[in-house]
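> whatever this is, show me its structure:
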Amino acid sequence: GTWVIEEQHRSNPVHLNGTTKHESDDEPIDFCVWVGDKKPTINRAKLLYWLERMGIRQLRVNKDGLCINISIVNNIVQKVDKVFLSAMVRDYITDPIFYEVFLRGADAYLSDSMLRFLPVEDIKWNQDTKTESWVYFRNTAVMVSKGDPTTVDYNNLPGCIWKSQILDRDFTYMTDTEQFENCEFARFIAAISGAASGTQDGLDKSFALMSVIGYLLHTFKDPTLPNAIVLTDEIISDNPQGGTGKGIFIKALLKFRKHHYIDGKSFTFDRSFLWMGIDLDTKLVVMDDVRRNFDFERLFSVITEGIQVENKGKNTFYIPFEASPKFIITANAAIRGEGNSHERRKLEIEFSNYFNKTSTPYTLFGHHLYDDWDSHEWVKFDNYILCCIQYYFIKGLVAPKSVNIEYKKLSANTSSEFMEWALDNIRTGTVHGKRAFYESFVNDCPEQKRFVSSLRFYAFVANYCQFHNIIVKQERINSIHSFAFFKQS
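Model (predicted):
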């Protein structure tokens, strides 16, 4: 359906949790006062009251009582520092005599010991729910659900939002999907999914990617769906080159949510200040191009529980699961790890090799996506992305059909040397003593002995047989523990 975007009305300076405070309702506050008739001074109690009137509050950010200073105006919250507060006071004072007084004592008037007397605000946040997601544009907030999207004026939001959540562009609704379904980003999705080739698998995958976009932009954290999204390449290669469009895909998400970027090549779980840079309003964490030996299991707690953030020279704070960001991981090889614990914490998406070093998105479109768009293309893009969120609410998180993921997982959880050796040595209708079979492997691949114990080798054999639908039985034959390989009936 169609709707009309409401006009903005921001004349009332303070709007807290649905209650507008009109300055005319209270007596004017003047913290610039004369002591007697000769001494100008700043009345600290009145200054604090004036700051409170202007929407300055404290927000508690950890269980130990750590607070930060914030401003709340028209349901919009932002962190403020003493530079911000000094500018507020400066703009209010018109008398040069009192301005001089403030300049001389600004450090005292806005000291930590004074600001701690500001009220601590128990903010009601406007958050995504299980069935609704919000996107905030410059001219309106948009609520997306299974039904028709709805615009809401910021004054009428049911709770507060961070200022950083507001996108620096206006939103215009397109009533017909035909107006935006062929936008450049939709064509890009068709290319990376294989839908451009016209196959049903490619078309299905393009819809799955729409659901992934919706899932990542939906900031509600469902404890039954704590998935990190892993983007990898469809092609099997010992020397993967990337360039398949993963970066452009992620950049689309970052046009809507605040993110924290991590260089996967240099990342290590043992470094100090592991999650430094993640903030209270961070909604996506991008771990880009992680190494082959990336230990995904060490992400389990932050994916399913929450994040403890330590910053250099600053206090530690905790982001609980329900407010924590979602994770996107890009990798040119499969992520190691197997079993239910791994599978329920990640969804892996393969990108086709439509784009590569010689055939790039610039080749297809004749310009750079995002950077070279006009305002109309941005409108189409925004409508398409909101449609993806709606699709996610309707269909849920759809796992695309795997092309080479399972084979690449097998390779990641064994070794390339074992994979080559197994092709020649694991055959149905044969029986091998387990110990002799292992010794045959390390004799053929002596460099593997340092890394592959006999127990690990036996696990490799089991995984290989499971992938290739080979029945492997461990039997005692002539007092020797053996492997027997059979075809599945």
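> low-confidence regions, the stretch 51-200 of the chain specifically.
For the stretch 51-200 of the chain, no stretch is flagged by pLDDT under 70.
> mind listing the helices for it?
82-92, 96-109, 112-115, 184-193, 200-217 (DSSP state H, counting those that start in this stretch).
> packed most tightly, which of those would that be?
helix 184-193 (a mean of 22; mean count of other CB atoms under 10 Å). Using the backbone N, CA and C atoms, a C-beta is placed for each residue, glycine as well.
> distance from that helix to the middle of the chain?
Counting by CA atoms, centre = their mean, to the nearest Å, helix 184-193 is centred 21 Å from the centre of its parent chain.
> mind exporting that helix as CSV, just the C-alpha atoms?
Output in CSV follows, covering the C-alpha atoms of helix 184-193 (Å, rounded to 0.1, in the frame of the first residue of the first chain):
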residue,chain,number,x,y,z
GLU,A,184,21.6,-2.0,-9.8
PHE,A,185,22.0,-3.7,-6.5
ALA,A,186,19.3,-6.2,-7.4
ARG,A,187,21.2,-7.0,-10.6
PHE,A,188,24.3,-7.4,-8.6
ILE,A,189,22.5,-10.0,-6.3
ALA,A,190,21.4,-11.8,-9.5
ALA,A,191,25.0,-12.0,-10.6
ILE,A,192,26.6,-13.3,-7.4
SER,A,193,23.8,-15.8,-6.8
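> ok, and what's touching it?
By CB atoms under 8 Å, 6 or more residues apart in numbering, the surrounding residues in contact with helix 184-193 are 180, 195-196, 202-203, 205-206, 208-210, 244-245, 248-249, 252, 351-352, 354-355, 361, 364-365, 369, 373, 377, 380-381, 384-385, 400.
> what are the buried residues along stretch 65-72?
The neighbour-count check on stretch 65-72 (16 or more other CB atoms under 10 Å) flags 67, 69-72 as buried.
> among these, which lie within strands?
The strands, defined by DSSP state E, take in 67, 69-72 from those.
> what's near enough to touch Thr224?
Per CB under 8 Å, 6+ apart, neighbours of Thr224: none.
> which SSE is it in?
Counting by DSSP states H and E, there is no helix or strand that carries Thr224.
> that one and Ser411, how far apart?
30 Å (CB to CB, to the nearest Å).
> next: Pro96.
74 Å.
> ok, His367 next?
38 Å.
> just Lys82 next, same as before
Taking CB to CB, one finds Lys82 at 55 Å from Ser411.
> for the residue nearest the centre of the chain, grab phi and psi.
Among the residues of the chain, the one closest to the centroid is Leu284, at 1.7 Å (CA atoms, centre = their mean). Dihedral pair for Leu284: phi -140, psi 140, per degrees, to the nearest 10.
> pretty sure it is in contact with Phe256, am I right?
No - Leu284 is beyond contact range of Phe256, at 9.1 Å (criterion: CB atoms under 8 Å).
> Cys67 against Gln58, yeah?
Yes - using CB under 8 Å, Cys67 is in contact with Gln58, at 4.1 Å.
> got any residues that touch both of these two?
116, 120.
> is the residue nearest to Asn311 when sequence neighbours are not counted in a helix, a strand, or coil?
Leaving aside its sequence neighbours, Asn311 sits nearest to Met276 (CB to CB, 6 or more residues apart in numbering; 5.0 Å). Classification of Met276 by DSSP: H, G, I helix; E, B strand; the rest coil places it in coil.
> need the contact list for Phe267.
Phe267 sits next to 287, 290-291 when contact means CB under 8 Å, 6+ apart.
> out of those residues, who's nearest Val89?
Closest approach between those and Val89, by CB to CB: Met287, at 42.3 Å.
> so that closest one sits in a strand?
Yes - looking at Met287 with three-state DSSP, it is inside a strand.
> quickly list what it is bridged to.
Ile262, Ile329 (DSSP bridges).
> from Arg44, how far off is it?
47 Å.
> which of the two has more neighbours?
Higher neighbour count among Met287 and Arg44: Met287, with 20 against 16, using other CB atoms under 10 Å.
> I figured that one was touching Ile328, is that so?
Yes - under the criterion of CB under 8 Å, Met287 makes contact with Ile328 at 7.1 Å.
> Cys445: neighbouring residues, count only.
For Cys445, using other CB under 10 Å, the count is 16.
> now do Gly18, the pLDDT please.
pLDDT for Gly18: 38.
> go on, Asp201?
Value for Asp201, per-residue pLDDT: 85.
> surely it and Ala208 touch.
No - contact between Asp201 and Ala208 fails when scored by CB under 8 Å: they sit 10.2 Å apart.
> mind listing the residues bridging to Gln58?
Under the criterion used (DSSP bridges), Gln58 bridges to Asn69, Val120.
> how close does Ser301 get to Ser341?
12 Å.
> I misspoke; the intended subject was Pro96.
67 Å.
> after the helix or strand containing Arg435, next one along is what?
If you go by DSSP H and E, Arg435 is part of helix 434-444. For helix 434-444, the succeeding helix or strand toward the C-terminus, using DSSP H and E, is helix 454-467.
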